[in-house]
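> This is the structure alone, sequence omitted:
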C-alpha cells in the first residue's frame with residue numbers, strides 16, 4: 001500500500017472499500033487505479049473486463065485486520081449506473097446500437113470468464129464501467145467467500161443492492177446462470193429507463209424474482225412507447241427465467257441469432273462465430289445420393305450446419321445394404337467434420353453413432369475397416385475436447401475397441417498418442433462398465449501392436465499397468481470386464497511393461513479374477529497365459545502363485561481343468577503355465593506333492609493329437625522327473 005497515494009475514497013461497496021489512487025513513482029506514473037479487496041483475478045485478459053494489475057496484503061492497525069487488495073485500472077469515465085440515471089432524468093431512451101453493443105460485449109466477457117471457471121457474482125450497473133462511445137467493461141468481481149458471508153449481507157447490504165441478484169442467490173447459491181440473470185436485470189434497467197423511475201425499477205426487479213409475468217407488463221409499456229427494442233424482448237425473457245435450469249448459459253446465448261448479431265459489434269470476440277447457410281438451401285443441396293452429400297460437405301467444411309445435416313443425411317442410408325460400400329468410404333469425411341466442429345457436442349454424438357453403425361456393418365460382413373492416421377488424429381481431438389462427457393466417450397471407446405482389431409488402425413492410434421488419453425478416461429470413469437470394457441480392449445490391441453524397442457511407447461504402456469489393475473480390482477465380478485482387463489495385462493506383460501514391484505499384487509489379482517469367474521473359458525485361457533508370462537520372468541510371481549493367501553494357484557489349475565477339460569485353448573494355456581512353474585525348484589516340490597504329474601499325464605491322453613499340448617506336457621514332466 002505504501003507505493004500508492006490515495007486520492008479519494010469512492011462510493012463504498014457492500015463488501016469492500018474502493019479507493020482512487022496513483023503510484024508514487026512520479027515520472028511516467030500517470031495512470032490511476034482502484035484498490036479493492038478481492039480474490040486473485042490477475043489472469044483475466046479481455047477487452048471488456050477491467051484489468052487487474054496487482055495483488056497484495058496490507059495490515060490496518062485501526063481495525064486490527066488483514067486486507068487482501070487488488071489493483072485495477074480506473075477509466076475515470078464513470079459507470080453504467082450514471083448513464084442510466086442521466087437518461088432516466090431526461091426520459092430519454094438509450095440508443096439501440098448502444099444496447100446491442102452492451103449486450104454483445106457483456107455476453108462475450110461472461111463467455112470468456114465462465115470458460116475460466118470464474119464467476120462475477122455481483123453484476124449491476126455500478127460495476128460496469130463506461131470506457132468510451134458505447135464501450136463497456138465488467139469490473140469489481142466478487143469472491144465466493146464474501147458473497148456467501150450471510151452476516152455481512154444482513155448487516156451491510158442494502159435492499160436496493162440486492163435487486164440485480166438472481167432468485168437462487170438469496171440462498172447463497174451462485175452459478176454461471178446467476179450472472180446471466182444479473183446481466184438480464186441490468187439490460188432490463190437500460191430498456192426501461194425512459195418509462196420507469198428508479199423506485200419503480202427497483203420494485204420491478206424484486207417482483208420478477210417471484211413472478212415472471214410482471215416482466216410482460218414492463219415490456220408492454222416499453223413497446224407502447226417505442227417498439228425498436230422489440231428484438232431484445234425474447235432474449236431478455238430467456239435471461240430472466242426464475243428457474244436456473246431454464247435459463248441459458250453464456251455459451252447458450254451465443255447461439256441465439258440476435259445475440260450473434262450483437263457479437264459482431266465486439267470486434268475481437270472470445271466467441272468463434274459459426275458460419276451458416278439458410279436451412280432451405282442446406283436441405284436442397286444435401287438432397288440426392290451419398291456422392292452429392294459428400295461433395296457438399298467437402299465444399300462447406302466451415303459451416304457446422306452443413307456438416308451436421310450431412311451426417312444426418314448419411315445416417316439415413318445406413319439401413320440400405322446396397323449403400324454400404326459407399327458408406328465405408330465416408331469415415332474420413334465424418335471424422336474431419338467432427339474435428340472441424342469439435343466444440344459441437346451434438347455433432348460429435350451423431351458422428352460417432354454413424355461411425356459405429358458403419359463399423360458394425362463392416363464387421364458383420366467380414367470387412368476390415370482400417371483407419372488411417374488422419375482419422376485417428378480427428379478422433380483423438382474429440383476425445384480431448386470432450387474428456388468429461390461420459391456418454392460420448394462411452395460410444396467413442398466402443399468404436400475404438402472395435403476398430404483397433406485392425407492392426408493398421410491400432411498402429412495409427414498408437415502413433416497419434418492416444419494411450420495417455422485412454423488411461424485418463426479410465427481413471428475418471430472407473431465406475432463405467434462399458435468404458436472400462438472398451439478401453440481395456442483398445443489397450444490390448446495397442447500393446448500387441450506396439451514396439452517394445454520404442455522407449456517412449458514403453459514408458460507410456462508401463463503407466464497402463466496400475467490403471468488396468470484398478471479396473472480389474474473394481475470389476476472382479478463382471479466377467480466381461482475381467483476378461484478384457486486380463487487380456488490387457490497379458491499383452492502389457494508380453495511387452496515387458498511390468499516392474500518387479502508389480503508382479504506380486506498383479507499375480508494375486510489375476511488369481512482372484514479366475515476364482516470369481518470360473519465358467520468363462522476365454523478369461524481362463526487369457527488369465528493363464530498372462531500368469532505364464534509373469535512366471536516366465538519373475539520368481540516373485542511364481543512364489544505368489546503357490547502361496548497366495550486365498551489359496552494355492554495349483555488347486556486353481558485343477559479346478560479350471562475339471563471345468564474346461566474339453567477346451568483345447570484353455571488346456572493349452574494351463575499346460576504353458578505349468579511349464580513355466582516347473583522352472584522353479586520350490587514350485588516343483590509343491591507340484592509333485594499335489595500330484596500334478598498325474599494331471600499332466602491325463603491331459604496327454606485327453607489330447608493325443610495336439611502337438612502343442614503334448615510338447616508342453618512332455619517338457620513339464622521331464623522337469624518334474626528330474
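Done, it's in. Everything numeric here is computed off the predicted structure, so don't read it as measured data. Numbering: from 1, shown residues only.
> Spell out the secondary structure type for the residue sitting nearest the centre point of the chain.
Residue closest to the mean C-alpha point of the chain, counted by C-alpha atoms, centre = their mean, is residue 388 at 2.4 Å. Taken by DSSP: H, G, I helix; E, B strand; the rest coil, the conformation at residue 388 corresponds to coil.
> Contact partners for the closest residue to residue 197 other than its chain neighbours?
Among residues not flanking residue 197 along the chain, residue 88 sits closest, at 6.6 Å (C-beta to C-beta, 6 or more residues apart in numbering). Heads up, the C-betas are built off the backbone N, CA and C, glycines and all. Listed by C-beta atoms under 8 Å, 6 or more residues apart in numbering, the contact set of residue 88 reads 193-194, 196-198.
> Give me the buried entries from those.
193-194, 196 (16 or more other C-beta atoms under 10 Å).
> okay if I get the residues you listed as JSON lines plus distance to residue 536, pLDDT and secondary structure?
Conversion of the buried ones among the contacts of residue 88 to JSON lines gives the following (distance: C-beta to C-beta, whole Å; pLDDT from 0 to 100; DSSP: H, G, I helix; E, B strand; the rest coil):
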{"residue": "193", "distance to residue 536": "82", "pLDDT": "95", "secondary structure": "coil"}
{"residue": "194", "distance to residue 536": "86", "pLDDT": "96", "secondary structure": "coil"}
{"residue": "196", "distance to residue 536": "84", "pLDDT": "95", "secondary structure": "coil"}
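> With distance to residue 602 added, can I get the residues you listed in a markdown table?
Formatted as a markdown table, the buried ones among the contacts of residue 88 follow (distance: C-beta to C-beta, whole Å):
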| residue | distance to residue 602 |
| --- | --- |
| 193 | 95 |
| 194 | 99 |
| 196 | 96 |
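> what pLDDT, on average, does stretch 511-523 get?
Mean pLDDT, computed over stretch 511-523, is 96.
> Helices of the stretch 351-500 of the chain, start to end?
Under the criterion DSSP state H, counting those that start in this stretch, the stretch 351-500 of the chain contains helices at 373-385, 390-403, 407-415, 419-428, 433-449, 455-462, 464-474, 479-494, 500-516.
> ends of stretch 205-220, how far apart?
Terminal residues of stretch 205-220 lie 16 Å apart, using C-alpha to C-alpha, to the nearest Å.
> Just the local confidence number for the nearest residue to residue 499 once chain neighbours are set aside, please.
Distance criterion C-beta to C-beta, 6+ apart; nearest residue to residue 499, sequence neighbours excluded, is residue 462 at 7.1 Å. For residue 462, the pLDDT comes out at 89.
> ditto for residue 625
87.
> and what of residue 538?
96.
> One more: residue 289?
87.
> can you name the two of the contacts of residue 88 that are farthest apart?
Greatest spatial distance among the contacts of residue 88 (C-beta to C-beta): 194 and 198, at 12.6 Å.
> So which of the buried ones among the contacts of residue 88 is the closest to residue 498?
residue 193 (71.6 Å).
> Any idea how many residues pack against residue 220?
Residues within reach of residue 220, counting by other C-beta atoms under 10 Å, total 11.
> how near is it to residue 235?
17 Å (C-beta to C-beta, to the nearest Å).
> deepest of the helices of the stretch 351-500 of the chain, which one?
helix 479-494 (a mean of 26; mean count of other C-beta atoms under 10 Å).
> Now tell me what touches it from outside.
With contacts defined as C-beta under 8 Å, 6+ apart, helix 479-494 is touched by 433, 436-437, 440-441, 443-444, 447-448, 461, 464-465, 468-469, 471-472, 475-476, 498, 506, 510, 513, 516-517, 519-520, 522-523, 526-527, 529-530, 533-534.
> can you check stretch 550-565 too?
Contacts of stretch 550-565 (C-beta under 8 Å, 6+ apart): 508, 511-512, 514-515, 518-519, 521, 524, 528, 531, 545-546, 570-571, 574, 577-578, 590-591, 594, 596, 599, 603, 606.
> go on, stretch 216-234?
For stretch 216-234, using C-beta under 8 Å, 6+ apart, the contacting residues are 93, 96, 99, 103, 187-188, 191-192, 194-196, 204, 236-237, 258.
> let's see it at 7 Å
With C-beta atoms under 7 Å, 6 or more residues apart in numbering as the test, stretch 216-234 has contacts from 93, 96, 99, 191-192, 194-195, 204, 258.
> ok so, going back, just the buried ones out of the contacts of stretch 550-565, please.
Using 16+ other C-beta under 10 Å, the buried ones in those are 508, 511-512, 514-515, 518, 521, 524, 528, 531, 545-546, 570-571, 574, 577-578, 590-591, 594, 596, 599, 603.
> so where do the helices sit in the stretch 1-150 of the chain?
Under DSSP H, counting those that start in this stretch, the stretch 1-150 of the chain gives helices at 80-90, 96-115, 144-147, 150-156.
> In helices, which of the buried ones among the contacts of stretch 550-565 appear?
Mapping the buried ones among the contacts of stretch 550-565 onto helices (DSSP state H) picks out 508, 511-512, 514-515, 521, 524, 528, 531, 545-546, 570-571, 574, 577-578, 590-591, 596, 599, 603.
> Pull up the per-residue confidence for the closest residue to residue 564 other than its chain neighbours.
Leaving aside its chain neighbours, residue 564 sits nearest to residue 570 (4.0 Å; criterion: C-beta to C-beta, 6+ apart). Listed pLDDT for residue 570 reads 97.
> how much space between residue 570 and residue 521?
5 Å.
> Likewise for residue 433?
21 Å.
> do the same with residue 584
From residue 584 across to residue 521, the span is 27 Å (C-beta to C-beta).
> what's the answer for residue 299, then?
Residue 299 is 52 Å from residue 521, by C-beta to C-beta.
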